[in-house]
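# structure for this input, please:
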Amino acid sequence: MIKSSKVFSVISASMILTVLGFVFVDAADCDLANLGAVAAYQKGDAVANVQLCLIDAGFGIPAGATGYYGGQTIAAVKAFYASWYGSWSGLKIGPLGITTLKKYSTGRAGVSAGPEKFETFIAAADFNNYFKKAIQESQSAGFGRENITRTAGTSMASDLAENESPAPAPSVNVSIDRASVTNVQVAGIDEPDIVKTDGKEIYYSGTNPVYWWRDGGGIMPSTAVSDTAIKSVMPAPEYRGPEAKIIKALPVSNMAVDSTIQKSGDLLLSGNILAVFGNGGVIGYNVSNPKNPAEIWNIKPEGNTSIIGSRLRDGKIYMVTKTVIGTTDTCPIKPLMIGGAGVTIPCGAIYHPERVLPADATFSVFVIDTATGLVENKTSFAGLGGYSVIYVSAENIFVTYPAYESEFTIQAGLIKENMKDMVGASLIEQIAKLEGYDISSDAKIVELNTILNNYKNGLSSDDRLKFTSEMQNRLTNYRKSQLRNFDKTIVAKIGLGDLKFYASGAVPGQPLNQFSLDEYNGNLRIATTIGSSWFMRSETANDVYVLDPEMKIIGSVLDLGKTEKIYSARFIEDKGYVVTFRQTDPFYVIDLADPRDPKLAGELKIPGYSGYLHPVNKDKIIGVGMENSNVKISYFNVIDPKNPAEMDKYSLDEHWSEAVSNHHAFLMDSRHEIFFMPGGNGGYIFSYANNKLSLKKAVSGINSKRAIYINDYLYVIGDNKISVLDENSWEKIKEFEF
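Coordinates of the predicted model:
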């Protein structure tokens, strides 16, 4: 089949799925002049030299240049041949392979991660054939993900910018010199949340349902009375979902609801356009007249498509969708409907790895003009559905999805590498031959079971019982030893300006959330937990990887908090901070000044954990988490990376705060050296002045969700009430119910 000319030579996750793992090699370099042909299960310096050159060329061998041509080297040779020749057993590398390897290798050993070609589909049949195989592979991969609640990572703005917007144009003769913005990861790139403000109006998307009585003509919050009482008093109640309110903020004495929108969801505000992300899609409203918002566009996901992330920059919405693909689906795909018209992505704009890898979905990225709701640019790529993280830097969009190795690959690897003392060469040859078949992993595991059953039938009953027991025991240990090889995350890199698919890479483990990723000086840093989605969760480990602009791993720090998992992570300039937790809270400081040689600089072990980290400046960090079932706030000093210290802490009489799991619920006001966080009993304003934590103000009687500031007024926003505080005196000057 003639492939599309749109081919990118990138660092692909697929290579890393096939060539399992990454390794850092010592100072030894591959000797190009003395490269010679070698074969499987051979030992010696010749093998070690070939291994060094394979690693240098980007075809990884997890154990490094061991001098033994085992299963990992077979996989590397297979991937190497696939990149230029085609299907190959990997059992030997002959004269033609040696000649080609000399062209690939530079003669220096380094971090392994092989080049892989991505290309676009050229026709519906191409798409259909690829996904038939890819879906079979995806059904064979891994053991499924752990259904866990993801805690929030850290929140920071570029250059630690304060969370406020330029002063908007004043209205009603009220001077506005500053207004807060949503707490986001990257300054200038807004994120959807339930509250927005332009300094004049407060846009709030409620969370409580509303009942409407047709005969009575009124509304009442569902929390006011029970359903039984409603039914006994009012006829024909009609349930409506939460509503979005537009509330005039200034002057405080004249606060009022300007209008109500019968839709709810996360909000993005761009000038006079309010975008509401609800279950049914996205609706754009013109709110230039706050008393009469007008719907101007409507975007709905189509078919098996869902919106999994969005950002706002310079009046453009960058939206990521996921479309689940079935075995009969073809391209072009139609992920969205805008105003009743379908938005299609043609085959030639959908990227996929050249070789078939586990995939059951397409991820699509759209650039949408907020003024019109029209799509200005779009692209798509094939991947594996599941938990995805969207991270947007100032330059690129990064989309992650999980990748697990198939059960066939795991069991075949076990037999070839760890059971040679129990099986003969003939059985290993059968497995190697089976690996080369162009059939699904499910079909291969059926064939493997047949091979094993035939082998066991030739054993005595005693030996058969021993073989079964030994294989099960060794399989458990093999999984433990190969966690980084079997549990991976694929990261796709797409240009923010042109929406080009630039590269794809992979790392062991799974990221927690968007703050586990950070782009700095062209390199991507990512923190992951390995093993949390497998049945061996007691064997977890945590790593930090650095990937270069081509998404090739160039550095790593491994085994942070073994048997624990990451609860928060963030990166500030050339430092990284990772919190892991199981029983104590190790707070790790990572020195990333040399991206090719990152180091663990220091650590601090304290009780509890910090689920959310927020920078006061580059040397001081506030952590919000839990200890002994209460909300705990820690104030960290990291000016000496080797000796991080908890300067102060505060135990709050609350069993939970949304700020632990959602960075949008946290607000910092550096002018007054305070931060706000909601709790179950009210809202809390803490001072962090003079390196001390003190509770400045507690606001009771409100189910607080968010806080914003306009000028020196702090608005604590709840389900149906706003409490306004004067930040100079901390007196409550207004309580507005809506």
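# ok, residues contacting stretch 725-735?
252-253, 255, 669, 671-672, 674, 685, 696-697, 699, 709, 712-714, 716, 721-724 (Cβ atoms under 8 Å, 6 or more residues apart in numbering). Glycine gets a C-beta too; all of them are placed from N, C-alpha and C.
# give me the helices and strands touching the helix or strand harbouring Val579, please.
Per DSSP states H and E: Val579 is located in strand 575-581. Packed against strand 575-581, as judged by 3 or more Cβ pairs under 8 Å, 6 or more residues apart in numbering; DSSP states H and E, are the following elements: strand 523-530, strand 541-547, strand 565-572, strand 584-591, strand 609-617, strand 620-627.
# what bits of the stretch 251-400 of the chain have low per-residue confidence?
Scanning the stretch 251-400 of the chain for pLDDT under 70 picks out nothing.
# now the strands for it?
With DSSP state E, counting those that start in this stretch as the criterion, the stretch 251-400 of the chain has strands at 256-261, 266-270, 273-278, 281-286, 294-301, 305-313, 316-324, 333-338, 341-345, 350-353, 361-369, 375-383, 390-392, 396-404.
# need those in JSON lines with distance to Asn473 and mean neighbour count, can you?
Shown next, in JSON lines, are these (distance: least, Cβ to Cβ, whole Å; neighbours: other Cβ atoms under 10 Å):
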{"stretch": "strand 256-261", "distance to Asn473": "61", "mean neighbour count": "16"}
{"stretch": "strand 266-270", "distance to Asn473": "49", "mean neighbour count": "21"}
{"stretch": "strand 273-278", "distance to Asn473": "50", "mean neighbour count": "22"}
{"stretch": "strand 281-286", "distance to Asn473": "52", "mean neighbour count": "21"}
{"stretch": "strand 294-301", "distance to Asn473": "47", "mean neighbour count": "16"}
{"stretch": "strand 305-313", "distance to Asn473": "40", "mean neighbour count": "20"}
{"stretch": "strand 316-324", "distance to Asn473": "38", "mean neighbour count": "22"}
{"stretch": "strand 333-338", "distance to Asn473": "46", "mean neighbour count": "22"}
{"stretch": "strand 341-345", "distance to Asn473": "49", "mean neighbour count": "15"}
{"stretch": "strand 350-353", "distance to Asn473": "35", "mean neighbour count": "25"}
{"stretch": "strand 361-369", "distance to Asn473": "36", "mean neighbour count": "24"}
{"stretch": "strand 375-383", "distance to Asn473": "35", "mean neighbour count": "21"}
{"stretch": "strand 390-392", "distance to Asn473": "40", "mean neighbour count": "24"}
{"stretch": "strand 396-404", "distance to Asn473": "22", "mean neighbour count": "23"}
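# out of these, which comes closest to Ala645?
strand 390-392 (29.6 Å; Cβ to Cβ).
# centroid-nearest residue for this protein?
Val389 (2.1 Å; Cα atoms, centre = their mean).
# tell me what the nearest residue to that residue once chain neighbours are set aside is bridged to.
Spatial nearest neighbour of Val389, chain neighbours left out: Thr400 (4.4 Å); criterion: Cβ to Cβ, 6 or more residues apart in numbering. Beta bridges link Thr400 to Val491, judged by DSSP bridges.
# residues contacting Gly70?
Under the criterion of Cβ under 8 Å, 6+ apart, the contact list for Gly70 reads 40-41, 416-417.
# let's have the residues you listed in JSON lines, adding secondary structure and distance to Tyr612.
Formatted as JSON lines, the contacts of Gly70 follow (DSSP: H, G, I helix; E, B strand; the rest coil; distance: Cβ to Cβ, whole Å):
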{"residue": "Ala40", "secondary structure": "coil", "distance to Tyr612": "50"}
{"residue": "Tyr41", "secondary structure": "coil", "distance to Tyr612": "51"}
{"residue": "Lys416", "secondary structure": "helix", "distance to Tyr612": "45"}
{"residue": "Glu417", "secondary structure": "helix", "distance to Tyr612": "42"}
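# okay, the strand holding Val579 in PDB with CA atoms only?
Extracted C-alpha coordinates of strand 575-581, given in PDB (Å, rounded to 0.1, in the frame of the first residue of the first chain):
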ATOM      1  CA  LYS A 575      13.500  22.800  40.000                       C
ATOM      2  CA  GLY A 576      10.900  20.100  40.400                       C
ATOM      3  CA  TYR A 577       8.800  19.300  43.400                       C
ATOM      4  CA  VAL A 578       7.100  15.900  44.000                       C
ATOM      5  CA  VAL A 579       5.100  14.700  46.900                       C
ATOM      6  CA  THR A 580       4.500  11.000  47.300                       C
ATOM      7  CA  PHE A 581       2.300   9.400  50.000                       C
END
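# quick one, that strand and strand 584-591 angle?
Using axes from the mean of the first three to the mean of the last three Cα atoms, to 10 degrees, the direction of strand 575-581 lies 160 degrees away from that of strand 584-591.
# part of a strand, is Leu101?
No. Leu101: not assigned to a strand; according to DSSP: H, G, I helix; E, B strand; the rest coil it is helix.
# measure it to Gly44 for me?
From Leu101 across to Gly44, the span is 17 Å (Cβ to Cβ, to the nearest Å).
# so for these two, which residue has more residues nearby?
Using other Cβ atoms under 10 Å as the criterion, Leu101 and Gly44 rank with Leu101 on top: 23 against 11.
# let me know the pLDDT of the closest residue to that one other than its chain neighbours.
Computed as Cβ to Cβ, 6+ apart, the closest residue to Leu101 that is not its neighbour in sequence is Cys53, at 5.5 Å. Cys53 is assigned 86 on the pLDDT scale.
# and the helix ranked longest in the chain, what does it pack onto?
The single longest helix within the chain, with elements called by DSSP state H, is helix 461-481. Using 3+ Cβ pairs under 8 Å, 6+ apart, the elements in contact with helix 461-481 are helix 407-418, helix 441-457.
# picking up where we left off before, please render the contacts of Gly70 as TSV that adds neighbour count, pLDDT and distance to Gly340 to the earlier fields.
Supplementary listing: the contacts of Gly70 in TSV, determined by neighbours: other Cβ atoms under 10 Å; pLDDT from 0 to 100; distance: Cβ to Cβ, whole Å:
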residue	neighbour count	pLDDT	distance to Gly340
Ala40	21	89	60
Tyr41	17	88	64
Lys416	21	88	57
Glu417	19	87	57
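# buried ones among the contacts of stretch 725-735?
Those of those that meet the buried threshold are 252, 255, 669, 672, 674, 685, 696-697, 699, 709, 713-714, 716, 722-724, by 16 or more other Cβ atoms under 10 Å.
# tell me which of those residues fall in helices.
Going by DSSP H, the helices hold none of the buried ones among the contacts of stretch 725-735.
# which of the helices or strands spans the closest residue to Ile325 other than its chain neighbours?
Spatial nearest neighbour of Ile325, excluding adjacent residues (Cβ to Cβ, 6+ apart): Phe131 at 5.1 Å. Using DSSP H and E, Phe131 falls within helix 124-140.
# could you give the mean pLDDT of that helix?
According to the model, helix 124-140 has a mean pLDDT of 84.
# buried sites along it?
By neighbour count on 16+ other Cβ under 10 Å, the buried set for helix 124-140 is 126-128, 130-138, 140.
# can you pull out the helices in the stretch 51-200 of the chain?
Taking DSSP state H, counting those that start in this stretch, the helices of the stretch 51-200 of the chain run over residues 71-82, 95-104, 124-140.
# average pLDDT for the first one?
In other words, helix 71-82. When pLDDT is averaged along helix 71-82, the result is 82.
# and the second one, by the same measure?
Model confidence over helix 95-104 averages 79 on the pLDDT scale.
# hey, C-alpha coordinates of it in CSV?
Below are the C-alpha coordinates for helix 95-104, written out as CSV (Å, rounded to 0.1, in the frame of the first residue of the first chain):
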residue,chain,number,x,y,z
PRO,A,95,25.8,-8.2,7.3
LEU,A,96,23.1,-6.0,5.8
GLY,A,97,21.8,-5.1,9.2
ILE,A,98,25.3,-4.2,10.4
THR,A,99,25.8,-2.0,7.4
THR,A,100,22.5,-0.2,8.1
LEU,A,101,23.2,0.1,11.8
LYS,A,102,26.5,2.0,11.1
LYS,A,103,24.4,4.5,9.2
TYR,A,104,21.9,4.9,12.2
